[in-house]
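Peer 1: Could you look at this predicted model? Sequence included:
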Amino acid sequence: MNEIKIAVLGSDGVGKSALIVRFLTRRFIGEYASTTECIYRKRLSVDGRHINLELYDPCTQSCEGKSTLNDQIHWADGFIVVYDISDRSSFLTAKAILHLIRELHMGAAKRDLDSLVFLVGNKQDLCHIREVRREEAQCVASEFRCQFYELSAAEHYQEVALIFSKMVHNVSLGSKAKERRRRPSGSKSMAKLINNVFGKRRKSV
């Protein structure tokens, strides 16, 4: 069984959980506040290969034992960085996360990262109170060499599903190259890393 790990990152309230649940169940959840970090699990078939997909959703409220952003970045194979188009501060946070991903992840193989980071502007249904122009976000995506999407988790199931499907496909294509990379000596097993860093709570869908 091949494993793909995707971290959905961003400020509180941008719709990270809504995007994940929309993808996994087709349902839209409105207000959602979790005090526990969660890893949602789903089995998929991609190009004839069985994939065990893990989606990391950070807790949205203050909680004990919360992992650091650095830990989340080192854990994941791919990243969906979300901001709210009606909240400029969430966009600035997304930019900071993109910068940190570039600094920390995959070392010298930064070109490999281009297809493994998506910048996603959520809540397109609130365009009447937009604070972040689409063109501005596109420029940031170009600056950080990542892919850009704008949508509404509340209204666009197909677009949400497309984003996650593209990410899974991109990670799957790059998985062989990643397997060839040497792990640092003394590194923990992935199962142990998940338990230690993210806690043992998982949700299967």
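Peer 2: Here it is on my side, so go on.
Peer 1: could you dump the biggest helix by length in the chain to CSV, C-alpha only?
Peer 2: Here the longest helix in the chain is taken by residue count, with DSSP state H as the criterion, and it is helix 157-180. Below are the C-alpha coordinates for helix 157-180, written out as CSV (Å, rounded to 0.1, in the frame of the first residue of the first chain):
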residue,chain,number,x,y,z
TYR,A,157,-17.8,20.3,-4.9
GLN,A,158,-16.3,19.5,-8.3
GLU,A,159,-13.6,22.1,-8.0
VAL,A,160,-12.7,20.9,-4.5
ALA,A,161,-12.5,17.3,-5.7
LEU,A,162,-10.3,18.4,-8.6
ILE,A,163,-7.8,20.1,-6.3
PHE,A,164,-7.4,17.1,-4.1
SER,A,165,-7.3,14.7,-7.1
LYS,A,166,-4.6,16.8,-8.8
MET,A,167,-2.5,16.9,-5.6
VAL,A,168,-2.8,13.1,-5.1
HIS,A,169,-1.8,12.6,-8.8
ASN,A,170,1.2,15.0,-8.5
VAL,A,171,2.5,13.4,-5.3
SER,A,172,2.0,9.9,-6.8
LEU,A,173,4.1,10.9,-9.8
GLY,A,174,6.9,12.2,-7.6
SER,A,175,6.8,9.3,-5.0
LYS,A,176,9.4,7.2,-6.7
ALA,A,177,11.9,10.0,-6.7
LYS,A,178,11.1,10.6,-3.0
GLU,A,179,11.6,7.0,-2.2
ARG,A,180,15.2,7.2,-3.6
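Peer 1: Quick one: list the elements packing against it.
Peer 2: Counting contacts by 3 or more Cβ pairs under 8 Å, 6 or more residues apart in numbering; DSSP states H and E, helix 157-180 packs against strand 2-10, helix 16-25, strand 38-46, strand 49-57, strand 78-84, strand 117-122, strand 147-150. (C-beta placed from N, C-alpha, C; glycine too.)
Peer 1: What is the burial count for V117?
Peer 2: Neighbour count of V117, defined by other Cβ atoms under 10 Å: 24.
Peer 1: Scan the helices and strands of this protein for the one with the lowest mean pLDDT.
Peer 2: Using mean pLDDT, DSSP states H and E, helix 190-198 stands out as the lowest-scoring helix or strand of the chain, at a mean of 43.
Peer 1: follow-up on the earlier one: could you check the angle strand 78-84 makes with the longest helix of the chain?
Peer 2: 140 degrees (axes from the mean of the first three to the mean of the last three Cα atoms, to 10 degrees).
Peer 1: tell me which residues of helix 157-180 are tucked away?
Peer 2: Y157, E159, V160, I163, F164, M167, V168, N170, V171, S172, G174, S175 (16 or more other Cβ atoms under 10 Å).
Peer 1: Grab the nearest non-local neighbour of the third one.
Peer 2: Nearest residue to V160, sequence neighbours excluded (Cβ to Cβ, 6 or more residues apart in numbering): R22, at 4.7 Å.
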